[in-house]
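Undergrad: no FASTA, just this:
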């Protein structure tokens, strides 16, 4: 090249081409199937990292029997195995690792699914189906297609957790807008890369509206000794009530029986089926049974839960049942209190060399307990006998050590002896009963209390000359007087009294009498008036009938400080009245009085604010594997808080307490693939009303 300037003239400069420092190959590692072609690219680079063009390149396969490569870098899989493909240019080489495998084949964990539901009911529980590549080259382009048979379409959701195998296919039927009948569809999972596919036949049977008994699992595997437990949910997959539920264990023919128990947490779905396997009488091995879950409601199909119990072999294990014993006797009692404890081998093999020793509580008398084994090899019986001689009333403790050849020896039995005071006797009868008239309608009574062991007394009255008696009062122990009010006019009343305790009652005292003057009198006012809400719109009024001559009771009510208005006229001796049709959440007041021909007693009043209107339209707005979002309508204006509750085996449990006017809550304490039941309660003071319940299956 000639570089000319006006000052320096013209110089000659030579330029050499840049040398190749390295060759980049892409991809550097790839997995292909037999018969599949992949394009490799190679880029020569200068020492400064810039790409160089025009460099002749040569491609070579380390094992053409497994993979070939042409001059353009196209690699073709021939047979399974590992191959290195090398590209060379200007004396520099680069390489790529090629793994050749058999073509992946779409494989499903099952070829068919059968779902059942009820018209208008909840959707059947979704099912997960395993999707695999059949052991071939990984499938990374999976897709799903649903083809419906004749009839309705769009009722099935089928989604892949991932487009790369292995993965799962989630199949979820939808019952919305489907009538009674059977519906079919074919779900195809295919790979564009390998061209393979696998089909899943799905059948949905929609029954007429009605309950449908469902189990959250069809089988349980239990393991452990001496007991193993498990549970499944029993739900209603249809509409209408599902009640009359029962669970019955059934055993395989020729096998042992009695080792399986099944209990339901209730008789109305949803409930929990709790299963317990007892391996204490079983030898090591595998045992099979089933639990029939049924409903007494006509037309509801029963379900079977398959149970497998694996009993492992255990070393000799010392077990005492019960581990604590209570003995009771009375001071001076001739017969010694006794009890027995079962000593057994809860494991396998032989448990022998059994023996016992007794220790006593610190600072307490010793020697009062005798412990004897009926044998030195389990199973055997431990007999416990307590001697009462010399012991005062009180509580005494001892511990019996049972030892043997078991690795977990010894075991201890806690013994508590209660020595009671000598048995009580019937108290002495009162005496000197006298009666006098107080005013015109009350009797003033007094007597002599001769008892020292009574816990209470009974005062009785007769208005028919002693032909029949009624208990009118129960004076406290040591009482010596009582006033009996509200007596009817122009009547002679007889009285008697006796003392009572836990053993019984004494004889009656002497009889005393009073006679009231003639003519009707105004009845006594009722006492102890209370009000208790029964629901958001009902209350129960209760009072004590303090009068003996009323002919009716009158009940009046007012709301929010308005005027009282009559609501009921009740017959004599009434003591309870249910008032309905009230305004939920509003304050109400009532007043009650007793009346007869002579007039009416004073009014007795009481008031209460009704419970809040229950929330409604509780729904699940969204659900993930770790969170369930709830929303409801707040219908009340007087609630002080909301309780969000979730159903467990122990019943409805409160998850959280929310302030008034709340309408949403997010439960973050959930687990994947689990059914949950929720409800919301609105509360004011000590009263709560609950919403509808909702169910959700977490993804």
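TA: That came through, no problem. Note that the coordinates shown come from a computational prediction; the quantities given were computed from them, not determined experimentally.

Undergrad: and residue 458, what is it in contact with?
TA: 471, 473-474, 497-498, 500, 505 (Cβ atoms under 8 Å, 6 or more residues apart in numbering). Where C-beta positions appear, they are placed from N, C-alpha and C, glycine not excepted.

Undergrad: what do you get if the cut-off is 10 Å, keeping everything else the same?
TA: Shown in contact with residue 458 (Cβ atoms under 10 Å, 6 or more residues apart in numbering): 469, 471-475, 496-500, 505-506, 508.

Undergrad: what helix or strand is it on?
TA: Taking DSSP states H and E as the criterion, residue 458 maps to strand 456-462.

Undergrad: rewinding a little: can you pick the most crowded of the contacts of residue 458?
TA: residue 499 (29 neighbours; other Cβ atoms under 10 Å).

Undergrad: from residue 433, how far off is that one?
TA: Counting by Cβ to Cβ, to the nearest Å, the gap from residue 499 to residue 433 is 12 Å.

Undergrad: over to residue 182?
TA: Residue 182 is 86 Å from residue 433, by Cβ to Cβ.

Undergrad: those two: which has the busier surroundings?
TA: Using other Cβ under 10 Å, the more surrounded residue of residue 182 and residue 433 is residue 433, with 18 against 13.

Undergrad: gap between the more buried one and residue 491?
TA: Noted for residue 433: a distance of 19 Å to residue 491, by Cβ to Cβ.

Undergrad: how far off centre is the strand holding residue 458?
TA: From the chain centre to the centre of strand 456-462 is a distance of 50 Å (Cα atoms, centre = their mean, to the nearest Å).

Undergrad: quick one: strands adjacent to the helix or strand following that strand?
TA: Proceeding N to C from strand 456-462, the next assigned helix or strand is strand 470-473, under DSSP H and E. Neighbouring strands of strand 470-473 in its sheet, by DSSP bridges, are strand 456-462 (antiparallel).

Undergrad: just the buried positions in the partner strand, please.
TA: Going by neighbour count (16 or more other Cβ atoms under 10 Å), the buried part of strand 456-462 is 457-462.

Undergrad: before we move on, the earlier item: for the contacts of residue 458, which one is nearest residue 197?
TA: In terms of Cβ to Cβ, no member of those lies closer to residue 197 than residue 474, at 86.4 Å.

Undergrad: roughly how far does the nearest residue to residue 314 once chain neighbours are set aside sit from residue 310?
TA: Sequence neighbours aside, residue 347 is the residue nearest to residue 314 in space, at 3.6 Å (criterion: Cβ to Cβ, 6 or more residues apart in numbering). Using Cβ to Cβ, one gets 16 Å for the distance from residue 347 to residue 310.

Undergrad: could you check which of these two is surrounded by more residues?
TA: residue 347 (21 against 16).

Undergrad: before we move on, back to that, what is the most widely separated pair among the contacts of residue 458?
TA: Most distant of the contacts of residue 458, by Cβ to Cβ, are 472 and 506, 18.0 Å apart.

Undergrad: at which residues are the strands of the stretch 151-300 of the chain located?
TA: All strands of the stretch 151-300 of the chain, identified by DSSP state E, counting those that start in this stretch, fall at 156-160, 167-173, 181-191, 197-207, 213-215, 219-223, 227-236, 245-251, 260-264, 271-278, 285-295.

Undergrad: in the first one, what counts as buried?
TA: This means strand 156-160. 156, 158, 160.

Undergrad: ok, now the third one?
TA: Within strand 181-191, the residues that count as buried by 16+ other Cβ under 10 Å are 183, 185, 187-191.

Undergrad: can you state the direction angle for it and strand 156-160?
TA: 20 degrees (axes from the mean of the first three to the mean of the last three Cα atoms, to 10 degrees).

Undergrad: mind giving me the packing neighbours of strand 181-191?
TA: strand 107-108, strand 112-118, strand 127-132, strand 142-148, strand 156-160, strand 167-173, strand 197-207 (3 or more Cβ pairs under 10 Å, 6 or more residues apart in numbering; DSSP states H and E).

Undergrad: mean confidence score for the fifth one?
TA: Translated: strand 156-160. The average pLDDT for strand 156-160 rounds to 93.

Undergrad: what sits up against it?
TA: 113, 115, 123, 126, 129, 131, 142-146, 148, 167-174, 183-189, 200, 202, 204.

Undergrad: 8 Å instead?
TA: Outside strand 156-160, the residues within contact range by Cβ under 8 Å, 6+ apart are 131, 142-144, 146, 148, 167-174, 185, 187, 189, 200, 202, 204.

Undergrad: check the longest one too.
TA: If you take Cβ under 8 Å, 6+ apart as the criterion, strand 197-207 is touched by 105-108, 110-119, 124, 129, 155-156, 158, 169, 171, 173, 175, 178-191, 238.

Undergrad: change it to 6 Å
TA: Contacts of strand 197-207 with the rest of the structure, by Cβ atoms under 6 Å, 6 or more residues apart in numbering, involve 106-108, 112-119, 173, 178, 180-190.

Undergrad: what do you get for the fourth one?
TA: When contacts are taken as Cβ under 6 Å, 6+ apart, the neighbours of strand 142-148 outside the stretch itself are 156, 158, 160, 163, 185-189, 191.

Undergrad: burial of residue 242, as a residue count?
TA: Count around residue 242 with other Cβ under 10 Å applied: 24.

Undergrad: just to check, it is in contact with residue 236?
TA: Yes - using Cβ atoms under 6 Å, residue 242 and residue 236 qualify as a contacting pair, with a distance of 4.0 Å.

Undergrad: what do these two both touch?
TA: Residues touching both residue 242 and residue 236 by Cβ under 6 Å, 6+ apart: 211, 269.

Undergrad: how near is residue 582 to residue 609?
TA: Taking Cβ to Cβ, one finds residue 582 at 11 Å from residue 609.

Undergrad: what of residue 35?
TA: Taken as Cβ to Cβ, the span from residue 35 to residue 609 is 81 Å.

Undergrad: between the two, which one's more packed in?
TA: Just comparing residue 35 and residue 609: by other Cβ under 10 Å the higher neighbour count belongs to residue 609, 15 against 12.

Undergrad: which pLDDT does the model give that one?
TA: On pLDDT, residue 609 comes in at 73.

Undergrad: can you list the weak-confidence ranges in the chain?
TA: Filtered on pLDDT under 70, the chain yields the residue ranges 1-18, 519-520, 561, 686.
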